[in-house]
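Participant: Provided below are the primary sequence and the corresponding predicted coordinates.
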Amino acid sequence: MEMKNINIKSLCLAAVFVSLLLLIACTDLEVPVESELVPENFPTEAAHYDAAKGPIYGRLAGDISSGSYWRIQTLTTDDHVLPARAGNWDDGGQFREAHRHTWTVDHSWAEDTWSFGFSGVTACNQLLSLFANQEEGPLKDAQFAEIRMMRAFFYYIMMDIFGNVPIMKTFDEDPATSPRAEVFSFIESEVLAVIPNLPEDVNVETYGRPTKWMAHALLHRMYLNAQVYTGQAKWNEAIQQADFVINSGKFALDADFLSMFKPDNGPQIKEFIFAVVVDAFQTEGGIYSRYSISSELSNLKYGMGTRSVSNAHRMQPEMFEKFDWEKNTGGQWVCTTQDVRNQTILIGPQYDSKGNPILIKTTYSKLNQDYNGPTPAKDTTWHLSFSKEIWLRGDPAKMDCANDLTSQFMGARSVKFYPDPNWNPTPRYENHDFPFFRLAEVIMGKAEAIMRGGTPTGGDTPLSLVNQVRARAHAALYTQGQLSLDELLDEYAREFQHEAHRRTDLIRFGKFHEPRLFRPNVSESYRQLFPVPSNQMNLNPKLTQNPGYN
Amino acid sequence: MKKNRCNDGFMPFGNQILKKMKLTLLLLLLTLFSGFAADVYSQSTKLTIRMENVRIEEVLGRIEDQSKFRFFYNDEISLDKRVSVDLSDATIDNILGQVFQNTGIEFEIADRQIILKNSSNSNNQRASQQEKTVSGNVTDSSGAPLPGVSIVVKGTNVGVITDGDGRYLLKGIPADATLIFSFVGMKTKEVEVGNQSVIRVVMTEEAIGIEEIVAIGYGTMKKSDLTGAATVVEAKDMKRGVQSSPMEMLQGKVPGLNITKSGDPTESPAITLRGPSTMRKGAAMEPFYVIDGVPGASIDAISPDDIVRIDVLRDASSTAIYGSRAANGVIMVTTRRPGAGESYISYSGYAAVETIANSWDMLTGDQLRTYLAQIDRVPENDDGVSNIDWQDEVLRDGISQNHNVSLGGAVNKSRYSASLNYFDNNGIVKTTARERLTGRLSVEHQTLNDKAVLGFNLSYTETEDGRVFNELFENMLDYLPTQPIYNEDGTFFENLQYSMYQNPVGLITNDKLERSTRNVLTNVTLKVDIFKGLTYDASVAYQRTSTENRTFHGRSSAMTPGMNGVAIRDIYADSFKQFENYFSYEKAFAQKHNLKLLLGYSWQENTFGDGIRSANSNFVTDDLAWNNMGLGSSPDKLSMTDRYGDTLVSKLRMISVYSRINYNYDNRYLLQATIRRDGSSAFGANNQWGTFPSVSAAWRLTNERFMGDQRLFSDLKLRAGYGESGNSLGFDPMIARLKYGITGVTFVGGQLIQAVGVTQNANPDLKWETTSVVNLGLDFGFLDNRITGTIEVYNKKTTDMIDSYPVRTPPYMYGSLLANVGEFSNKGVEFQLNATVIKTDKFKWLTSFNISHNKNEVVSLSNDFFETPEKGIYTGSVGGVGQSGDPTQNIMEGKPLGSFFTRKWAGRDENGVSMFYDAEGVKQYTVTRDDFYFAGSAQPKLMYGWSNEFTYGNFDLSFFIRGVYGNDILNSTLAALNNPQSATRFNVPVFTLSEPIDDYNSFFLSDRYIESGSYLRLDNATLGYTIDVRKLGIKSARVYVTGSNLFVITKYRGVDPEVNMGGVNPGIDTAGIYPKTRSFMLGLNVNF
């Protein structure tokens, strides 16, 4: 009997515990978000939208100023080359494949550029759907115009490099590949549609963002290349778009050509129609000196400190020859003209910031690994000097020029983007903004369109137009008969070297496939377009590969 | 067995021997015959004593001095009478018979204990009185004394522990008391005191290793009742050495548990159990820890000296009770607590010296000069005289010490224990060190008529780590020996032309890296006996781990040139609050049926990354390092991330209900089923809850009637189980949600502002990885369990494996998505054998061997929605000249994780230049990753450990061998160093002297750097001596010397074949590895 009582008491106690257990037994898994931006808290107010539009511009600095886009436009041409050095710099063959036009569907620059372009397109589409609920009005119109213009800009890059790409007009679309001409029309119609709502002002507020004039400059470049892009020339349209920009009065050729490429360039440059803003510490990109000069130069001449710089990008002799450098009878490299653009190049013996020769203590064999004389280990002092020529001494299959001092200093160097002492020494980023469209291109493009059969406007002739650009560079003015199309292509080289124009220009002039320094053959015509990257083909079965790459 | 001889004459055979022996003039001669036979000591011991006219007390003292006999008596016994003794080779009976003749004193011989009493004084009177004193001794069945036996007065916490000779003395106990004698591995015995004042107890062994208690999660169980796969490692079997993490003590001890660690005192070991089963890194690969019943507590906060046992739960039928966190096994750690009646004060400590076990043999400066002279070259920046051994310059002999003091006791209804540990481990690389202080306090008290026990535990650990930048390890090998350490002006010589190329001495001087970790764990426990069989347990726990990292690059640092000094300090804390409670009910009915039930609920909330970072650059002095951040003056040379870091506060909540049922029929048929339902806020809205069931059964054949007659097996048990558990460890709580983040900057209104974009897709379907295990086990014991062992066979399958898959944007907002797609398989066999090879009074040899085999396979990486290309996922890039981004491993279907894919070496051309086969089998100088082929696997075929323990008298000797067999290692360190073409800039190893100097392809990773990783290591050898210091009032003391990592037998050409086996890219030996060490230590353990 007593046992039973205890049990009943205990059972009561148990019941209390069980109810306690159930009371606490909550199953709520809702946890507050404390430090992240999620759809519940972003974007919810006006100020968020500027930040939200940011991703459109986020990758421009890295990809355009010195990333895969820059490399595709530059290292596949007669502009620059990056040979291997005793196994260094082979890096999966990306540089030699680019130079020799032997890239495959797995080439990383194609992958990177595709990802860059379509992430831009997608970011724009995402924002268009995100912003759709905003109140109608001029503010919304302006935002939509900005986003659609940037989407057109990304599409232009995609159309130029890949040609045939899918056209995604809204975020949830999943379209197949469109032919290049259709992409061209899409961009054209988009740009024309948004021009009325784009800002006309050119000032610090609109710097680095699309304006009405950037729209015209883009259309100008598209029409100038329309024959390539669509098979249909549009010379008069190109001239018309150029005139919108020239006659706007918003732009002028900067008197000091070199100042446009100084590290402190920015909104004060009157010539920039659209510039990519680069900051050594806050963006990626702006990698110029890291590739073009040696640590002796960065340290002794440019005040950048001793840093690991790779001395890897070389100007091809063919490009160098377009400038006015000659060896005098004493064997010294001298400029034969006043053209300031010559000064964007380093050639021959180099001097430090005080004018003293830069000397390197070395040995005969280190200076030249092919030295066959009796005293290879003998010390010697070498006056650092860039040669014009670049030649292969290692494995030719690897486009390898060995790794002694001779090979390290083969090739002239471009210091157009002038070495920046305030660079970010760890990733070696510099501060120069990168001009994507500037007035000189529009002026010269108009000249070219007229030369190719367009109707002159405003009393301009090709000669008068191109001479504006030459005059600013302090180059001798062309006289009648001097300005041929070939000469114009060379003039493009002098004016736009290192500005990622070259591939587009060479293709328009039909000279992209000509033999190059380390490519003796004419490359296949399909190389004008890059392949759709294989990983993208895997991801989207609706994509069509470009001809020649299947 | 009890003898009580009084006034007896000599034993007849004693006289016979006496007559045969020649008398000597020695006052005392002791001859001890001690064989391996289990004779009773008192009968086998013969003494020779000649003493004249001395006090009895002196005779007894002499006997104690020269034998193991000990006398017990109280003040009433008078030993002042003078006697003479003249006996040779006499038994103790004979001697004492003569001594106590006509003294009125009786003696009682209980093996080695001799109790004296007055024959006239009856103790019967005293027995009924309130308090009395009991003494005696405890032996095992062979008569050997048992030290450390717990003797408790039943129903109280009053009790003692037997001393080194198995003796005890209990004062002031109630006359009607019952004593409980208990000892691990022995059957507990209860003795009523009654009128006895001397109680001698012989304890009989339980079957060794079978009656062990195993922690099973929310309770314990006799190992004999276990239905799953679990291994218990007790403190005495753990490997000791200079160890910064307790897990190192288990290396090689548990079949299937693979633990690898470098010599870095600040690094945690990499652990995998039964093969890798996830592609996520970090915590996701590690087992789940339960520390003193607190799930998820930090293992690193425990002093190894405090651990008494570690239980490793290996199969899912054992681990499923921990649900979504248990897929990699559960490791349950138990720290020292006093048993009832026990009280102790212990000190253990050691001092150790560590040296580098094996180093790379690099060229000296002169060797390099000579080598390069062959091809008419000289090292860059050669000063002509330097012969710097950079390894020598940055390495040292590391001195370590460890001190642990612990105390514990039980007083009335309370128990307490506390310990303090100081550990100081100086690594062999200068400036690397770990210094740690751990304190622990535990109190519990019985209340509510002894029906409830309330406990309080607090532990605190503070760790200071001195670290080095990884750049050091490559530079200490390949930095040119022909370059000086210092310039003439005393600054460090630096050549900044090459990235990651820094003066090693400069690196350990100018670049500082430190870490402080503070961990506090506290919990309050309540245990209530509600009624017979039903218990309620609750625990509220809180843990907070705060980590502070400090970095300083001096103004002349070669790592941050141009920055003029960079200081970074960040501090963040991870914490959790946890409430666990459960009911357990146990009921036996109808004699043969035994039922146990468990029902519980747990709630836990973690907070991660609660902290802040600050950084600055451009300092005027190096002296103040990170201690005065405001002194720097150029913050815009640092990016936002440099300055403020990306530590984000996040919260994770996990809620679970769980239940277990155990049924035991007649100790023959055992059944266990568990189920746990887990909810986690980290997972996708559609999959926040998961259910993890398990069922297992065992059959104890030896308890069957038909096995009754056989003598061969003392134990035989068959087990089978199936269970599912999940892996949700290591997840960011925001993992399944759409997230915006900083995606660069944008130029707005003349300034750069942060751009905010989508950085992660939402995946509302994301859920945990599920691991299901089928486990079959056989436990056996032979020859009264002198030989025991276990065989386990398992098939472990992980589905819904999580990985990041590239997706298209659109429709996705971001280019990759974390999704449950892949499938892993691990199948294996594990075998463990323990044997008592020899066991006599004086000499004992115990041995234990385990071996395991696991076959890992990536079954699938694709499903209907996500596809991985046929070649799999290229991974494991180690970089190197001309090899940026080249993979070394592929994760692909049908192959194990850690499959090497690399170039196939095709020998050299006539100029000595290495060539490689392309996919068509043609020799090429250059091949692409499409030509790479499967060149081996990092997964070992076998892992084994063999420990041996010998005791002889007071000496003990143990050694431990472990190893792996059948794995491959990519020796990328050798490849990177073996570059004759760059020997003017980077030093080369002596190995390179045997290679053609013109081989400009020598360093390209290929199968010629894939090497067998099999090894056998003499991991540990210890010689100990137990000192008899009882006269000083000390229970026991032992000194020992231990050598760790004494030798390795291997064909591997790198410095050590034990490379990191955890993570997604196991088995890659890169030049960034902290070298392994060899250590020697001298230790002392004292129990007061």
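Facilitator: Received the coordinates, thanks.
Participant: Look up phi and psi at A:Gly87.
Facilitator: When read as degrees, to the nearest 10, the backbone of A:Gly87 gives phi 90, psi -30.
Participant: That one against B:Gly882, yeah?
Facilitator: Yes. Counting by C-beta atoms under 8 Å, B:Gly882 is a contact partner of A:Gly87 at 4.4 Å. From N, CA and C alone the C-beta is placed, and that goes for glycine too.
Participant: Report the buried residues of stretch B:740-757.
Facilitator: B:740-748, B:752, B:754-757 (16 or more other C-beta atoms under 10 Å in any protein chain shown).
Participant: quick check, nearest of those to chain A?
Facilitator: Using C-beta to the nearest C-beta, B:Ala755 is the member of the buried residues of stretch B:740-757 that lies nearest chain A, at 2.0 Å.
Participant: if you count what's nearby, which of A:Gly87 and B:Gly882 comes out ahead?
Facilitator: A:Gly87 (26 against 23; other C-beta atoms under 10 Å in any protein chain shown).
Participant: gap between B:Asp1028 and B:Val160?
Facilitator: Note on B:Asp1028: its distance to B:Val160, by C-beta to C-beta, to the nearest Å, is 20 Å.
Participant: picking that back up, ok, so of the buried residues of stretch B:740-757, who is nearest B:Leu472?
Facilitator: Of all these, B:Ile742 has the smallest distance to B:Leu472: 31.8 Å, by C-beta to C-beta.
Participant: How about the secondary structure of the nearest residue in space to A:Gly92 that is not next to it in sequence?
Facilitator: Spatially, and ignoring its direct neighbours in sequence, A:Gly92 is nearest to B:Gly885 (6.4 Å; C-beta to C-beta, 6 or more residues apart in numbering or on different chains). Three-state assignment for B:Gly885 (DSSP: H, G, I helix; E, B strand; the rest coil): coil.
Participant: Per-residue pLDDT of B:Gly885, please?
Facilitator: You'll see B:Gly885 listed with a pLDDT of 78.
Participant: tally of neighbours for it?
Facilitator: For B:Gly885, the count of nearby residues is 12 (other C-beta under 10 Å).
Participant: wait, what's in contact with it?
Facilitator: Applying C-beta atoms under 8 Å, 6 or more residues apart in numbering or on different chains to B:Gly885 gives the contacts A:Asp91, A:Gly92, A:Ser108, B:Ser877, B:Gly879.
Participant: what's the overlap in contacts for A:Gly87 and B:Gly882?
Facilitator: Residues touching both A:Gly87 and B:Gly882 by C-beta under 8 Å, 6+ apart: B:Phe1004.
Participant: Give me the more crowded residue out of B:Asp1028 and B:Val160.
Facilitator: Neighbour count, other C-beta under 10 Å: between B:Asp1028 and B:Val160, B:Val160 has more, with 20 against 12.
Participant: Now name the helix or strand holding the more buried one.
Facilitator: In this structure, B:Val160 sits in strand B:159-161 according to DSSP states H and E.
Participant: who's in contact with that strand?
Facilitator: Taking C-beta under 8 Å, 6+ apart as the rule, strand B:159-161 contacts B:147-153, B:168-170, B:180, B:339-344, B:410, B:1035.
Participant: re the thing from before, dump the contacts of B:Gly885 to JSON lines, plus neighbour count, secondary structure and distance to B:Ser499.
Facilitator: Below are the contacts of B:Gly885 laid out as JSON lines (neighbours: other C-beta atoms under 10 Å in any protein chain shown; DSSP: H, G, I helix; E, B strand; the rest coil; distance: C-beta to C-beta, whole Å):
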{"residue": "A:Asp91", "neighbour count": "17", "secondary structure": "helix", "distance to B:Ser499": "14"}
{"residue": "A:Gly92", "neighbour count": "18", "secondary structure": "helix", "distance to B:Ser499": "19"}
{"residue": "A:Ser108", "neighbour count": "16", "secondary structure": "helix", "distance to B:Ser499": "20"}
{"residue": "B:Ser877", "neighbour count": "16", "secondary structure": "coil", "distance to B:Ser499": "16"}
{"residue": "B:Gly879", "neighbour count": "13", "secondary structure": "coil", "distance to B:Ser499": "11"}
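Participant: Tell me which stretches of chain B form helices.
Facilitator: Remark: helices assigned in chain B by DSSP state H are B:12-20, B:41-44, B:56-66, B:92-99, B:124-127, B:316-319, B:365-373, B:390-394, B:471-478, B:504-510, B:640-644, B:972-977.
Participant: Closest approach to chain A from the stretch 51-200 of chain B, which residue is it?
Facilitator: B:Gly155 (18.5 Å).
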